[in-house]
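# Structure, please.
(one chain, ligands or ions: 2)
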Amino acid sequence: MEMATETAGPVHVPADRAPQQLTTGDRVALLRFMLLMRSIEARALTLYRQGKVPGSFYDGYGQEAVSVGAAFAMAAEDRLCILHRDLGAHLVRGVEPERILGQYMGRAGGVTGGREGNVHFGDASRGCVGMVSMLPDMMVVATGMAMAFKLRGERRAAITWFGDGSTSRGDFHEALNWAAVQRLPVIFVLENNQYAYSTPTDRQFAVNPVHRAESYGMVGESVDGNDVEAMFDAVRRARERAVEGGGPTLLEAVTMRMHGHAAHDDMRYVPPELLEAWAERDPIDLQAARVAALGVDVDALRAEVEAEVEAAAEAALAMPMPDPATATDGVFADEAVPLGDGDAPWSGWAEAGR
Ligand SMILES: Cc1ncc(C[n+]2csc(CCOP(=O)(O)OP(=O)(O)O)c2C)c(N)n1
Ligand SMILES: [Mg+2]
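Residues are numbered from 1 along each chain as shown. Ligands and ions are numbered 1, 2, ... in the order given. Modelled structure (predicted):
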């Protein structure tokens, strides 16, 4: 199988779409994307503390494997509904580090052109859907996209990430139920990072939500969310099932939120022993050990990533603020977008067998 990218470049597509074995190049790419995510977020946190990032700042420190491994298994034609701790997914799709840092600072060159100075962004040209802040509305959006793929008879899948806190909301149940009833090609990645702000999971649910998958009529699986290759493999299998008509999958990525909910949160409510235990299983360390055992110079890779992020930060800092005259650009579509091939929006319904 051909190897993936060494840098955050164009959308990554595994060449045969079902690799049983990852190549050395793939393994290095997975590590590289995780390093890139951690480094960009560390740089952005400094910019936040310097007053250059408005609002607050959210990161996915310790959870890099969940977004990188999952996004790596998706094809170019798929669609990704990405959440606030999943920067790695944007990177795998080729969104440039300088545009991400520009985004956090509300600059004209940021992904939303300065319309938003936070994590609610998505580059549609890379298949990334702009994040809806209300949680977990992205589950419903991904389900709707999967429904469109089915109606049009397209061999594509949608994926979305969401947290443990989301499982207590109605949208979670509505999305799972409809996706299962319609056997839609959608993958739900439950990012179980043990906390929803200050609420631990034992105050959130009495049964692990992955067990609910069966009652809705879909496959449910728990995955080691700190193992990027395990994440890749689980999502690869789920995607295959989705595009083959086997319906949706609920994956629980078991991980830990190693930082506060956001930069303003000192997370004094998290027992230090818990953090220490999880620090032993850092996803980057795990993958770095694997890659080093293959003879790859990990220190050189780290230095390369650091240099790339520093250059991206300089470029982002040089970006101007947006021109207020452009504020309404992109707010309204110029023309209606037809939903089906024919005149009626539901024209694909019959072919889809419903
Ligand atoms: C409906 C809704 N309520 C509250 C919020 C504010 N909020 C944003 S993130 C968050 C915590 C979510 O916890 P979880 O789902 O476990 O995701 P995590 O932040 O741990 O990744 C909250 C309460 C929101 N965005 N939407
Ligand atoms: Mg959580």
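# which parts of stretch 286-293 are buried?
With burial defined by 16 or more other CB atoms under 10 Å, the residues of stretch 286-293 counted as buried are 286, 287, 288, 290, 291. Every residue, glycine included, has its C-beta placed from N, CA and C.
# Which residue comes closest to the residue of the chain found nearest ligand 2 once chain neighbours are left out?
When scored by CB to the ion, the chain has residue 163 as its residue closest to ligand 2, at 3.6 Å. Spatial nearest neighbour of residue 163, excluding adjacent residues (CB to CB, 6 or more residues apart in numbering): residue 191 at 5.3 Å.
# ok, back up a step: phi and psi next, for the residue of the chain closest to ligand 2.
Per-residue torsions, residue 163: phi -90, psi 170 (degrees, to the nearest 10).
# what about the residue nearest to residue 163, which helix or strand?
Assignment of secondary structure by DSSP states H and E places residue 191 within strand 186-192.
# any bit of that strand sitting next to ligand 2?
No - figure legend: strand 186-192 not in contact with ligand 2 (CB under 5 Å from the ion); closest approach 6.5 Å.
# Just checking: what are the partner strands of that strand?
Pairing partners of strand 186-192, with direction, according to DSSP bridges: strand 158-163 (parallel), strand 249-254 (parallel).
# mind checking how far the first helix or strand past that strand going along the chain is from the chain centre?
Going down the chain from strand 186-192, the next helix or strand is strand 195-196, by DSSP H and E. Put simply, strand 195-196 sits 18 Å off its chain's centre (CA atoms, centre = their mean, to the nearest Å).
# What lies in contact with the helix or strand following strand 195-196?
On the C-terminal side of strand 195-196, the nearest following helix or strand under DSSP H and E is strand 199-200. With contact meaning CB atoms under 8 Å, 6 or more residues apart in numbering, strand 199-200 is reached by 165, 194.
# What are the contacting residues of the strand holding residue 191?
Around strand 186-192, the neighbours that count as contacts under CB under 8 Å, 6+ apart are 63, 66, 70, 83, 85-86, 139, 142-143, 145-146, 157-164, 166-167, 175-176, 179, 201, 209-210, 225, 235, 238-239, 242, 248-255.
# buried ones in it?
Neighbour counts using 16+ other CB under 10 Å place 186, 187, 188, 189, 190, 191, 192 of strand 186-192 among the buried residues.
# tell me, which helix in this structure spans the most residues?
When every helix of the chain is counted residue by residue (DSSP state H), the longest turns out to be helix 24-49.
# Could you list the buried residues of it?
For helix 24-49, the neighbour count (16+ other CB under 10 Å) marks 26-41, 43-45, 47-48 as buried.
# Run through the helices of the stretch 201-350 of the chain in chain order.
Counting by DSSP state H, counting those that start in this stretch, residue ranges of the helices within the stretch 201-350 of the chain are 212-216, 228-243, 272-279, 283-293, 298-317.
# how about those in JSON lines, adding mean pLDDT?
Shown next, in JSON lines, are the helices of the stretch 201-350 of the chain (pLDDT from 0 to 100):
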{"stretch": "helix 212-216", "mean pLDDT": "96"}
{"stretch": "helix 228-243", "mean pLDDT": "96"}
{"stretch": "helix 272-279", "mean pLDDT": "98"}
{"stretch": "helix 283-293", "mean pLDDT": "98"}
{"stretch": "helix 298-317", "mean pLDDT": "98"}
